[in-house]
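Novice: The following comprises the amino acid sequence and a computationally predicted model.
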Amino acid sequence: MRQRLPSGKRYHWEFFKDGQSISVDVPGVISLDNNNLMVSAATQGMGIAFVPENYAKEQINSGNLITILEDWCPDEAGFHLYFPRYRHMSKSLSAFVDVVKEHN
């Protein structure tokens, strides 16, 4: 299954192993923009879903889905914070970034 990002672009599946990275624009007839819908479609046998594990955890634990290519999918460190690099940062955003950095 393909995943469509909010910008309208298709998400390329990204894999990492032993210092090697691969980005794949997977073929497919289904394009979805919601991780929960992708898990539901995969559970119904409509294809392979590339989603963050927390979306599929319940279906994996129940045996309805299995993980594949685990050795190509490194653990993520957690959530990421993105903001415009060259724009003026408000004091509240700056304070928030400082708190996040402090706890990371």
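Specialist: In hand now; what should we look at?
Novice: tell me the residue furthest from the middle of this structure?
Specialist: residue 91 (29.6 Å; CA atoms, centre = their mean).
Novice: What are the neighbouring residues in contact with it?
Specialist: Taking CB atoms under 8 Å, 6 or more residues apart in numbering, we find residue 91 in contact with no residue. In short, each C-beta sits where N, CA and C put it, glycine included.
Novice: give me phi/psi at it?
Specialist: phi -60, psi -40 (degrees, to the nearest 10).
Novice: Compute the distance between it and residue 97, please.
Specialist: Using CB to CB, to the nearest Å, residue 91 is found at 11 Å from residue 97.
Novice: Also residue 69?
Specialist: Relative to residue 97, and taking CB to CB, residue 69 is found at 34 Å.
Novice: Repeat that for residue 55.
Specialist: 27 Å.
Novice: ok, which stretches of the chain are helices?
Specialist: Secondary structure of the chain (DSSP state H): helices at 35-43, 53-61, 91-103.
Novice: Identify whichever of those helices lies nearest to residue 28.
Specialist: Set against residue 28 and scored by CB to CB, the helices of the chain come closest in helix 35-43, at 10.3 Å.
Novice: contacts for that closest one?
Specialist: With CB under 8 Å, 6+ apart, helix 35-43 has contacts from 1, 3, 30, 32, 47-52, 55-56, 59, 64-65.
Novice: if we go to 10 Å?
Specialist: 1-3, 30-32, 34, 46-52, 54-60, 62, 64-65 (CB atoms under 10 Å, 6 or more residues apart in numbering).
Novice: Tell me which of these fall in strands.
Specialist: Those of these mapping onto strands are 2-3, 31-32, per DSSP state E.
Novice: which regions of this protein sit below the pLDDT cut-off?
Specialist: For the chain, the stretches with pLDDT under 70 are 75-79, 86, 104.
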